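S.K.: I'll drop the sequence and a predicted model, then ask my questions.
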Amino acid sequence: MSNGYWIALVDVEDIDGYKRYIDANKAVFNTYGGRFLIRNGEKSVVEGTMRSRVVVIEFETYQIALDCYHSLEYQRAKSLRTPCSQADIVVIEGYLGQRE
């Protein structure tokens, strides 16, 4: 079984509001075992367009990643994010090599 990931591309319009979202999501990610692999940082857009922030969170399984996103706890945290930012988020299954 492969890991699951959230890949989020985010533009923040209100940094103070976004900080409230970050504070609120910590407990949710801890509950679901989410681990930040990328939390913004230096980047070079070499093709296409990009939002200002890139976040990648790893979960033990794809299903756990989905369950976290759809949880009531995360939806409450998300309600703090949506007024102060624009985001594109995908929940995706990790690659384990060629599948037969």
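M.R.: Yep, that arrived.
S.K.: so which residues of the protein form strands?
M.R.: Along the chain, the segments classed as strands by DSSP state E run 4-12, 35-39, 53-59, 85-93.
S.K.: I'd like those as CSV, with distance to residue 68, mean pLDDT and mean neighbour count appended.
M.R.: C-beta here means a position set from N, CA and C on the backbone, and glycine is covered the same way. Converted to CSV, those look like this (distance: least, CB to CB, whole Å; pLDDT from 0 to 100; neighbours: other CB atoms under 10 Å):
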stretch, distance to residue 68, mean pLDDT, mean neighbour count
strand 4-12, 8, 97, 18
strand 35-39, 12, 96, 13
strand 53-59, 6, 97, 18
strand 85-93, 9, 97, 14
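S.K.: need the longest helix for the chain.
M.R.: As assigned by DSSP state H, the longest helix anywhere in the chain is helix 15-31.
S.K.: quick check: which of the strands of the chain is nearest to residue 24?
M.R.: When the strands of the chain are compared by CB to CB, strand 85-93 sits nearest residue 24, at 13.3 Å.
S.K.: which elements pack onto that closest one?
M.R.: Contacts defined by 3 or more CB pairs under 8 Å, 6 or more residues apart in numbering; DSSP states H and E place strand 85-93 against strand 4-12, helix 15-31, helix 62-70.
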